[in-house]
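Enquirer: this one's structure only:
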């Protein structure tokens with residue numbers, strides 16, 4: 001009997017959820033003018049350059065050597081900094097911040113600026129326990145990989161915002 005009373009409520013809830021417009025986030029669509037692009041970077045073998053190149057190729061963008069008439073994604077700065085946030089009474093670092101920063105600029109095929117020089121900064125903090133030094137190093141490496149993925153997604157979002 002209770003199940004019969006609950007059924008209309010479930011049907012209404014399902015209708016509300018399905019009608020709210022929720023959908024999984026897919027790849028960010030890029031402007032058609034950027035279907036062929038050259039990546040000009042300060043660190044061609046750097047992780048950000050490789051991640052952005054791979055993400056662009058997954059979206060069907062053709063990566064081109066530098067030639068006239070091709071759009072250019074400039075990665076002007078790319079840095080990772082680990083700095084102490086808090087110090088214990090015994091003068092040991094208790095907390096670190098991992099900061100990831102990049103500066104990008106996008107030029108159109110004719111050399112016009114499509115996206116002005118933009119800085120993107122991300123950071124994560126983690127606690128360092130000297131008794132668990134190996135675990136702390138693993139955590140720092142995991143956070144660094146997450147920051148790289150997040151930074152790549154943010155670069156793609158900025159490029160997708162070009163109209």
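Expert: Ah, there it is. As the structure is a prediction and not an experimental result, all values here were calculated from the model.

Enquirer: what's the burial count for residue 127?
Expert: Counted with other Cβ atoms under 10 Å, the neighbours of residue 127 add up to 13. Bear in mind the C-beta positions are built from the backbone N, C-alpha and C, glycine included.

Enquirer: Quick one: low-confidence residue ranges for this protein.
Expert: Scanning the chain for pLDDT under 70 picks out the ranges 1, 17-28, 91, 93, 128-136.

Enquirer: Summarise which helices and strands the host helix or strand of residue 48 is packed against.
Expert: Assigned by DSSP states H and E, residue 48 belongs to helix 47-58. Under the contact criterion of 3 or more Cβ pairs under 8 Å, 6 or more residues apart in numbering; DSSP states H and E, helix 47-58 touches strand 36-41, strand 62-63, strand 71-87, helix 133-160.

Enquirer: right, so those: which one is the most enclosed?
Expert: For these, the largest average neighbour count (mean count of other Cβ atoms under 10 Å) is found in strand 36-41, namely a mean of 18.

Enquirer: Now do it and helix 133-160, the angle between them.
Expert: On the basis of axes from the mean of the first three to the mean of the last three Cα atoms, to 10 degrees, strand 36-41 is oriented at 140 degrees to helix 133-160.

Enquirer: For strand 36-41, what is the distance to the chain centroid?
Expert: 18 Å (Cα atoms, centre = their mean, to the nearest Å).

Enquirer: Stretch 60-67 too?
Expert: Using Cα atoms, centre = their mean, the offset of stretch 60-67 from its chain centre is 21 Å.

Enquirer: Likewise for stretch 100-109?
Expert: With Cα atoms, centre = their mean, you get 13 Å for stretch 100-109.

Enquirer: What of stretch 61-81?
Expert: 16 Å.

Enquirer: isn't residue 61 right up against residue 30?
Expert: Yes: taking contacts as Cβ atoms under 8 Å, residue 61 lies within contact range of residue 30: 6.5 Å.

Enquirer: Redo the helices and strands packed on helix 47-58 as JSON lines? Include distance to residue 106.
Expert: Below are the helices and strands packed on helix 47-58 laid out as JSON lines (distance: least, Cβ to Cβ, whole Å):
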{"stretch": "strand 36-41", "distance to residue 106": "8"}
{"stretch": "strand 62-63", "distance to residue 106": "14"}
{"stretch": "strand 71-87", "distance to residue 106": "5"}
{"stretch": "helix 133-160", "distance to residue 106": "6"}
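
Enquirer: So for residue 117, which of the ones you listed sits nearest?
Expert: Nearest to residue 117 among the helices and strands packed on helix 47-58 is strand 71-87; the distance by Cβ to Cβ comes to 6.5 Å.
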